[in-house]
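Chemist: The sequence isn't on hand, but the structure is:
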């Protein structure tokens, strides 16, 4: 039995979710991709299904991706989480590190995601 890895992309921009999805598909073609447009949508989606890896946008209406990352970290201590943003401020990077969240600069492309996704794949294999 093969275990399918599922990745959640959370971004208020549909275009950004498509771009991230294409990059993920190129690097991890067997992974299932699900999407949410807001932090609240992501949390309700996580109530009903298993998600293994999360890539979050920082700037979203309502809760920021970093707030969501901190919430997810409490609930899923081992889950690989990446925060994607063009907003490279020391305070944001420090909070991301404190929550054990990988910082991925925008614009997102395969090169930006390669290290995070391969690290996430290794971590998930080791856990299974």
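Modeler: The structure has been received and is ready for your questions. Bear in mind the structure is a predicted one, so any value in this text is a computation, not a measurement.

Chemist: residue closest to the middle of the chain?
Modeler: Closest residue to the average C-alpha location of the chain: residue 55 at 1.4 Å, with Cα atoms, centre = their mean.

Chemist: So what sits opposite residue 83 in the bridge?
Modeler: When assigned by DSSP bridges, residue 83 has beta-bridge partners residue 56, residue 103.

Chemist: you'd agree residue 44 is in a strand?
Modeler: No - according to DSSP: H, G, I helix; E, B strand; the rest coil, residue 44 belongs to no strand; its state is helix.

Chemist: ok, it to residue 10 distance?
Modeler: According to Cβ to Cβ, to the nearest Å, residue 44 and residue 10 sit 12 Å apart. From N, CA and C alone the C-beta is placed, and that goes for glycine too.

Chemist: Tell me which of the two has more neighbours.
Modeler: residue 10 (28 against 11; other Cβ atoms under 10 Å).

Chemist: who's in contact with that one?
Modeler: Listed by Cβ atoms under 8 Å, 6 or more residues apart in numbering, the contact set of residue 10 reads 35-39, 41-42, 54-57, 60, 65, 68.
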